[in-house]
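A.B. asks: Task: produce atomic coordinates for the following.
(one chain, ligands or ions: 1)
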Amino acid sequence: MYIEQLALRNYRNYESLSVEFENKVNVILGENAQGKTNVMESIYVLAMAKSHRTSNDKDLIRWDQEYAKIEGRVQKQYSSLPLQLIISKKGKKAKCNHMEQRKLSQYVGNMNVVMFAPEDLNLVKGSPQIRRRFIDMEIGQVSPIYLHDISQYQKILQQRNHFLKMLQIKKQTDQTMLEILTEQFIEMAVKIISKRFEFLYLLENWAKPIHKGISRGLESLKIVYKPSVDVLEDQDLSKMKACFEEKFSKVRMREIERGTTLFGPHRDDLLFFVNDRDVSTFGSQGQQRTTALSVKLAEIELIHSEIREYPILLLDDVLSELDDYRQSHLLNTIQGKVQTFVTTTSVEGIHHQTLKEASTFDVESGFINKVN
Ligand SMILES: Nc1ncnc2c1ncn2[C@@H]1O[C@H](COP(=O)(O)OP(=O)(O)OP(=O)(O)O)[C@@H](O)[C@H]1O
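C.D. replies: Numbering: from 1, shown residues only. This next block holds a predicted model:
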């Protein structure tokens with residue numbers, strides 16, 4: 001798939017923008033702080049209904065304005081899909097094919113993107129929260145039901161935490177409600193964990209050979225899900241539930257004392273191993289970067305295998321950071337099949353051949369001009 005038209009209104013430093021793109025490499029060139037990342041972000045937000053760099057949607061609205069609007073037309077193999085997202089101080093409204101979508105979880109997935117930005121190194125060495133967000137966003141792109149499950153899970157988690165707080169401060173003494181909430185919680189938790197296991201299994205299968213290729217055959221990558229309750233990948237849901245029930249009955253007093261839910265998918269993590277060592281602790285900068293890149297390239301293939309369309313690739317400020325070998329590897333992977341956006345302040349670090357075949361756009365103070 002590819003985005004052929006993008007229009008912005010009051011989006012960050014863009015008052016009004018309308019631009020057309022082709023299904024190839026599009027280089028977005030400009031000095032610092034001109035609006036390169038903002039364009040990439042707007043494409044990402046149009047796809048995911050969320051920014052990759054802020055959780056505060058109000059930041060996306062141009063200063064002193066009431067709302068921001070992103071519109072795009074996505075070309076797929078058999079259809080052309082108009083998408084629209086309006087972000088106001090009250091919330092977000094999405095339209096797909098001119099029809100308002102009641103739930104954002106239904107809207108996400110109409111357009112698929114993979115973003116690779118400098119902060120993606122945090123995927124390897126940052127906090128578990130970043131990795132959980134990554135898994136959830138990526139599964140959500142290909143499975144809308146998962147996004148729905150996650151939001152249900154968050155609601156039950158909040159209710160359970162609230163009730164544990166009430167027991168903690170002794171505003172409540174009857175624990176019947178805790179039992180009901182725990183049962184509902186476990187039901188959602190095991191669904192989420194088994195989907196995460198399944199996703200990471202597929203992701204690892206794609207990422208392993210890619211990583212081996214980038215590291216010239218020297219490194220072997222492993223991705224391991226680390227649940228906070230000892231459930232196993234090959235267990236069926238009823239066995240997982242039994243593990244949770246046992247755990248929660250053991251830690252009940254501790255949870256009441258702390259007034260919070262101590263175990264579940266909101267406390268899980270995933271680890272990346274290179275040659276059997278945890279890359280976050282023992283990996284060099286280069287190995288961490290290769291791991292993040294392999295995972296991103298694997299995502300492209302995984303999305304393609306699930307939906308039979310290649311996603312759009314957004315490379316924000318990273319291409320010129322990759323050494324020649326890694327850059328060639330990346331470009332060979334996407335060559336001719338993935339619409340790619342590349343931001344850079346200078347074309348110097350980018351392969352000559354890539355530039356020759358790409359469209360180039362100049363960005364200056366919230367205006368974009370096609371150069372070639
Ligand atoms: N909500 C907003 N309203 C208006 N302008 C904004 C808003 N948010 C950010 N900006 C402006 O957008 C500009 C930054 O744009 P962006 O992050 O896209 O820069 P960039 O071209 O990618 O730069 P760099 O090369 O440094 O990464 C800044 O001038 C910033 O002040």
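
A.B. asks: alpha carbons only for contacts and neighbour counts from here, please
C.D. replies: Noted.

A.B. asks: Identify each buried residue in the lowest-mean-pLDDT helix or strand in the chain, please.
C.D. replies: Lowest on mean pLDDT, DSSP states H and E among the helices and strands of the chain sits helix 324-334, with a mean of 85. When burial is assessed from 16 or more other Cα atoms under 10 Å, helix 324-334 yields the following buried residues: R326, Q327, S328, L330, L331, I334.

A.B. asks: So which elements touch the helix or strand following that helix?
C.D. replies: Moving toward the C-terminus from helix 324-334, the next helix or strand (DSSP states H and E) is strand 340-344. Secondary-structure packing of strand 340-344 (3 or more Cα pairs under 8 Å, 6 or more residues apart in numbering; DSSP states H and E): strand 25-29, helix 36-48, strand 312-316.

A.B. asks: Show me what strand 340-344 pairs with in its sheet, parallel or antiparallel.
C.D. replies: Strand 340-344 has its sheet partners listed here by DSSP bridges as strand 25-29 (parallel), strand 312-316 (parallel).

A.B. asks: could you give the angle of the first one to helix 36-48?
C.D. replies: So the one you mean is strand 25-29. Computed by axes from the mean of the first three to the mean of the last three Cα atoms, to 10 degrees, the angle separating strand 25-29 from helix 36-48 equals 140 degrees.

A.B. asks: Now strand 25-29: average pLDDT?
C.D. replies: Averaged over strand 25-29, pLDDT sits at 96.

A.B. asks: check whether it contacts the ligand.
C.D. replies: No - judged by Cα under 6 Å from any ligand atom, strand 25-29 stays clear of the ligand, getting no closer than 8.2 Å.

A.B. asks: Can you get me the centre-to-centre distance for that strand and its chain?
C.D. replies: The chain centroid and the centroid of strand 25-29 are separated by 22 Å under Cα atoms, centre = their mean, to the nearest Å.

A.B. asks: In CSV, list the C-alpha atoms belonging to it.
C.D. replies: The C-alpha trace of strand 25-29 is given here as CSV (Å, rounded to 0.1, in the frame of the first residue of the first chain):
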residue,chain,number,x,y,z
VAL,A,25,11.4,6.4,-1.7
ASN,A,26,10.4,10.0,-0.8
VAL,A,27,13.2,12.0,0.7
ILE,A,28,12.1,14.9,3.0
LEU,A,29,14.9,17.3,3.2
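
A.B. asks: Switch the strands paired with strand 340-344 over to a markdown table; also include distance to D120.
C.D. replies: Output for those, formatted as a markdown table (distance: least, Cα to Cα, whole Å):
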| stretch | distance to D120 |
| --- | --- |
| strand 25-29 | 20 |
| strand 312-316 | 10 |
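
A.B. asks: where exactly do the helices run in the stretch 51-200 of the chain?
C.D. replies: With helices called from DSSP state H, counting those that start in this stretch, the stretch 51-200 of the chain shows them at 104-107, 122-125, 128-142, 144-168, 176-214.

A.B. asks: and the residue in the stretch 151-300 of the chain that the ligand sits nearest to, how many neighbours does it have?
C.D. replies: Nearest to the ligand, among the residues of the stretch 151-300 of the chain, is R289, at 18.9 Å (Cα to the nearest ligand atom). Counted with other Cα atoms under 10 Å, the neighbours of R289 add up to 21.

A.B. asks: Just want the angle from the helix or strand harbouring it to strand 312-316.
C.D. replies: For R289, the element it lies in under DSSP H and E is helix 285-307. Helix 285-307 and strand 312-316 are oriented at 160 degrees to each other (the same axes, to 10 degrees).

A.B. asks: related to what we said a few turns ago, weakest of the helices of the stretch 51-200 of the chain by average pLDDT?
C.D. replies: For the helices of the stretch 51-200 of the chain, mean pLDDT drops lowest on helix 104-107, to a mean of 90.

A.B. asks: related to what we said a few turns ago, surely the residue of the stretch 151-300 of the chain closest to the ligand touches L121?
C.D. replies: Yes - with contact defined as Cα atoms under 8 Å, R289 reaches L121; the gap is 6.2 Å.

A.B. asks: if we can go back for a sec, which strands and helices sit next to the least confident helix or strand of the chain?
C.D. replies: Using 3+ Cα pairs under 8 Å, 6+ apart, helix 324-334 sits against helix 176-214.

A.B. asks: residues in the stretch 51-200 of the chain within reach of the ligand, list them.
C.D. replies: Near the ligand, when you scan the stretch 51-200 of the chain using Cα under 6 Å from any ligand atom, you find D59, L60, I61, R62, W63.

A.B. asks: what's the closest non-adjacent residue to the fourth one?
C.D. replies: Just to be clear, that refers to R62. In this structure, R62 finds its nearest non-sequential neighbour in R12, 4.3 Å apart by Cα to Cα, 6 or more residues apart in numbering.

A.B. asks: Also the second one?
C.D. replies: The shortest distance from L60 to any residue other than its chain neighbours is 5.2 Å, reached at R12 (Cα to Cα, 6+ apart).

A.B. asks: need the contact list for the one you found.
C.D. replies: By Cα atoms under 8 Å, 6 or more residues apart in numbering, the contact list for R12 reads N38, D59, L60, I61, R62, W63.
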